[in-house]
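Engineer: A structural model of the following input is requested.
(2 chains)
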2 protein chains.
Amino acid sequence: MRTVPQAQEITLQHVQRLDVESVPIERVLGRVLAEDVVSNRNHPPCDISAMDGYAIRFSDVKGATKNSPVTLNVVDDIRAGSTPKHPVCAGEASMIMTGAPVPGGSDAVIRVEDTSRRSHKGRHSKQEHPEAVDIWVEVPSGNNIRLMGENLKLGDTVLNVGAVIRPAEVGILSMVKKAQVSVYRHPTVAILATGDELEALNEPLNPEKIPNSNTYSTMAQIQALGIEPVLLGIARDTREHLEEKLLQGLQYDVLIVTGGVSVGHHDFVRPTLQDMGITIHFWRVAMRPGHPMAFGTGPKTKVFALPGNPVAGMVCCEQFIVPAMRKMMGFGQLYRPTVEATVASDVKDRAGRMHFMRAHLSGKENNLQIESVGAQGSGILMSMVRANALMVVPVECDYLRAGDRVRVQLPGSDQFQTEPRLDIC
Amino acid sequence: MRTVPQAQEITLQHVQRLDVESVPIERVLGRVLAEDVVSNRNHPPCDISAMDGYAIRFSDVKGATKNSPVTLNVVDDIRAGSTPKHPVCAGEASMIMTGAPVPGGSDAVIRVEDTSRRSHKGRHSKQEHPEAVDIWVEVPSGNNIRLMGENLKLGDTVLNVGAVIRPAEVGILSMVKKAQVSVYRHPTVAILATGDELEALNEPLNPEKIPNSNTYSTMAQIQALGIEPVLLGIARDTREHLEEKLLQGLQYDVLIVTGGVSVGHHDFVRPTLQDMGITIHFWRVAMRPGHPMAFGTGPKTKVFALPGNPVAGMVCCEQFIVPAMRKMMGFGQLYRPTVEATVASDVKDRAGRMHFMRAHLSGKENNLQIESVGAQGSGILMSMVRANALMVVPVECDYLRAGDRVRVQLPGSDQFQTEPRLDIC
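Structural biologist: Model (predicted):
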C-alpha cells in the first residue's frame, strides 16, 4: 500500500508533457506556451502622447497657473495614426490625441483638461490653426509621453516557453500578431464506469440500482481542467463487455475507470487491464476516502482506476489525476492549493491513512478556520456539496483538537501550486 | 466623476439576472442553478455494505482476534444489484459486495481483509455454500453499513436555486437523473474596437499603427467567465462606420466598446451611442488606470465603453464588467477576491483616484507581501504579464510605506466574493 505522496510521485514519473500543437489565439486562454515569443515591433513605435492634449516644450510652461496661464500658438493637430507636420518651437503647441506621435521639439504633453482654447491669430494661416491655447499648469519634462518600446522592444523575448496564458498574455500575443500560438497539447480523456449494479442516467429509475454518478462528477472534474472527456458509458460485469469497453478507452491518452478495483471476486478490472498489456504501478493507497485506487500505463494510455464510492472517486481524482493531467498539459504548478487553517472543533479520526475530510473553511486569509461538515461516509456525496475544502488529517494522526493547525486543500480553486504541501511544515 | 464603488453600484443597479434556460448535464459545470432540485430516490436505496466482506451479527464476533477467530457458516453471496436470498441467523455470515443490500438479521459488515475462507460443511448443500469463514476482529453494530437515504432522501430538496454547480453538484444531479438542468442564461457579448490608429490582427504589421490588442485581452477576460464573445472587429473613425458597427453590437446582451471615450474631439463613441438611444450613466471614474470608462443602457443592451489603453481596459473590465456579467449569470458572489497584504517597499503615488497598481504578491496566506512590478504606464501591458495581483492604493493615499497593510485584488482567481472589499476595514 502506497502513501499519498508515494502514489503521486509514481504517477508523475510515468506521465510526460505532451507534444506541441498550434492553436488560434481565440482558443489559447489557459494553455501553456510551447514557444518563446519574440516581439516583432516596438510598442509604442515611437514616443507617443498618453493623453488628449497639447504637445509643448516644458520650459515654455514653467510657472503657469490657472490665474496666470501661458498662451501658446497652436501649430498642428496630430491624430493617432498620423504624422506630425510641424515641429514645436518655443512659444508653440500642437494639439495631440492619445496615441499620436509626439512632434519634434516638444518634450511634454499637457492634458486638455488643464488648458483652454481661444481665438488667436498665430503665425499660421487662419484656415490651418486659427487658435491659441492657454496652459494652466506646469509639468516636468517627459510628462504624459510614452517612450518608444516602453511596452515591447523589437527583438526582445516577451513571453517564455512554459508561460500560462492569461488575458494579459493573450493581449501581448495579439500585439506581436501571433494569430496562431504553439501550446502543449491537451490529453484526450475517456471515462468508463463499471458494474452491473449501476443505473445509467438515461435508464428509468430503479430503486434497487446505484445511479451512475461517478461518470458525471469525474467528467466535471476533467472539464474544470479545460478538457472535454469522452464518456464510454458502463461496462457490465462480463469479461467480454469489459474488454470491449477498455479497448475503446485505450485509444485515448488517459482512461479513467470508475469502480471495480477493490479486492472482491467480482472485481476484474485490474486483472483484465493487466491481461490487455497495462502495467499496474499501484492499486492501493493509504488514504481515506479512496483506498482502492489503481494506476497503470500502456503503450499509449495512462489508466486511472478510481474507487466506485462517489466521494472516494472525486478525492482520488483530485490527488492523482489532476496533477498528472496538468503535467501532461505542460503546467509547472500541478497541485491544488493548500492553506493552513485552525481546527475549529475537535476531530476524532483513525490513524493509518491520510484522511481528506470534507470540511468548511471560513474566516479571513490570516485567520482561517476549518471544520468538518459532518458524516464522512464515502458514499455521502451530499457532504461534498456542503464542503468547500478538504481538511488533510495526517496519516499518523487519530485526534485533532480545536486550535490545532492543519493543512486544507481547496479543490474549488484554480490557483495551483508547485508542491503538494499536504502536511504542516 | 464617479468613485469606483459608486460606478460599480450604478452598473449593478442597471443589470439584472437573465432568464432561465435548460442545459444538458454535460454543459452545466460552473452555471448557477435556477431550480430547486428534489431527490426522486433514496440513496442508498436500502442499508448497503460499504465494503467487500461478510454481513454478520455483531454479537457473534465479540472477542474475535486473529489468534482466536470466530468461525461462521456462509449462507449467501450477495452481489451489488442483487437481493439477499437468506437472512443471517446466529452463527451465520453472508458474503457481501460493496454496495450490495445488507441481509435481514445482520447488523454489521466485516471487511474481507479481516477474514479468511476455509472449507467447512455447513447446513447448506455443498454446491451452494461449501465454506465457512473465520472472522478475526470484533466490530460495533452498524460497522461498514451505509444506511438507507444517508446521502439522498426521497422528496428532500438536495440542491437550491442559486447554487453554483461544481463537480459534486454535477454528481448529485446525475444521481437524481437530471439529464437537463435549469440554469440562468449566460449573456451574449460582443466586443468592438474603435479607432483609425488600430491595426487589426490580420493586417500586415505597420510600425506606425497601434496593434488592436484590447479586443483579444477583453475576449480572454470574458472567456475566463465561461462566455464566448463575438468579435465585431474595428470601427473606423467615421460616424457611419461607427454607427453600423454599434448597431450590430446592440443585438447582444452586452456590448463592450474599446477606445474612444476620452474628451478629445475625435472621440464620438459616447455621443453616437446617445444618438442611438443609449442612456449613459457615467463616463468617468476616479481610478487609475482607467479614467475614461463609460456605462450605458439601451432597451436590450448594456454597453461598457472601456478606455483604449490596454492595461486600463483590462482593469476596468475587472472592476465593472466582471461583476455585472456575474450578476446577469445569477451569481451571488460578484467580485474578484481581495486579500490583505503587507507593502514590501515604499510606493509613491498621486492622491485623488483609486489606483490599481500592477504588483507581485508572494508569501504564505498568513504573511502575504505585495510589491509593485515597476513602471505603471497604462500602455505597458507587459507589466500585467509580470504581475499576479493588483495592489489597491486608496483614493486619498499618496504614499504607502513598507509595512503598511493594503488590499490586493486577485484577477487570476475564480474564488469570487460577495463584497468588493477594496479598502482595508
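Engineer: my read: residue A:210 touches residue A:199, true?
Structural biologist: Yes. Counting by C-beta atoms under 8 Å, residue A:210 touches residue A:199, with 6.5 Å between them. C-beta coordinates here come from the backbone N, C-alpha and C atoms, glycine included.
Engineer: Neighbour count for the two, which is higher?
Structural biologist: Using other C-beta atoms under 10 Å in any protein chain shown as the criterion, residue A:210 and residue A:199 rank with residue A:210 on top: 26 against 21.
Engineer: Let me know the pLDDT of that one.
Structural biologist: According to the prediction, residue A:210 has pLDDT 86.
Engineer: same deal with the one 10 residues further on?
Structural biologist: The confidence metric pLDDT takes the value 98 at residue A:220.
Engineer: Mind checking what secondary structure it has?
Structural biologist: Here residue A:220 is helix, with the state taken from DSSP: H, G, I helix; E, B strand; the rest coil.
Engineer: I figured it was touching residue B:170, is that so?
Structural biologist: Yes. Taking contacts as C-beta under 8 Å, residue A:220 lies within contact range of residue B:170: 3.9 Å.
Engineer: Need the overlap of contacts for these two.
Structural biologist: Common contacts of residue A:220 and residue B:170 (C-beta atoms under 8 Å, 6 or more residues apart in numbering or on different chains): residue B:29.
Engineer: Flag the shaky bits of chain A, pLDDT-wise.
Structural biologist: Counting by pLDDT under 70, the ranges of chain A that qualify are A:119-130, A:260-267, A:425.
Engineer: which residue ranges form the helices in it?
Structural biologist: A:4-13, A:167-175, A:214-223, A:239-249, A:269-275, A:310-316, A:322-328, A:382-386 (DSSP state H).
Engineer: Reformat these into JSON lines and put distance to chain B next to each item.
Structural biologist: Converted to JSON lines, the helices of chain A look like this (distance: least, C-beta to the nearest C-beta, whole Å):
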{"stretch": "helix A:4-13", "distance to chain B": "19"}
{"stretch": "helix A:167-175", "distance to chain B": "3"}
{"stretch": "helix A:214-223", "distance to chain B": "3"}
{"stretch": "helix A:239-249", "distance to chain B": "15"}
{"stretch": "helix A:269-275", "distance to chain B": "13"}
{"stretch": "helix A:310-316", "distance to chain B": "6"}
{"stretch": "helix A:322-328", "distance to chain B": "11"}
{"stretch": "helix A:382-386", "distance to chain B": "4"}
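Engineer: Among those, show me which one is buried the most.
Structural biologist: Mean neighbour count (mean count of other C-beta atoms under 10 Å in any protein chain shown) peaks for helix A:310-316 among these, with a mean of 29.
Engineer: Check which helices and strands that helix is in contact with.
Structural biologist: Judged by 3 or more C-beta pairs under 8 Å, 6 or more residues apart in numbering or on different chains; DSSP states H and E, the packing partners of helix A:310-316 are helix A:214-223, strand A:302-306, helix A:382-386, helix B:167-175.
Engineer: of all those, which lies closest to residue B:227?
Structural biologist: helix A:214-223 (15.6 Å; C-beta to C-beta).
Engineer: what comes into contact with that closest one?
Structural biologist: Contacts for helix A:214-223 (C-beta under 8 Å, 6+ apart): A:189, A:191, A:193, A:201, A:228-229, A:231, A:233-234, A:256, A:258-259, A:306, A:308, A:310, A:313-314, A:317-318, A:321-322, A:325, A:381, B:25-26, B:29, B:166-168, B:170-171, B:173-174.
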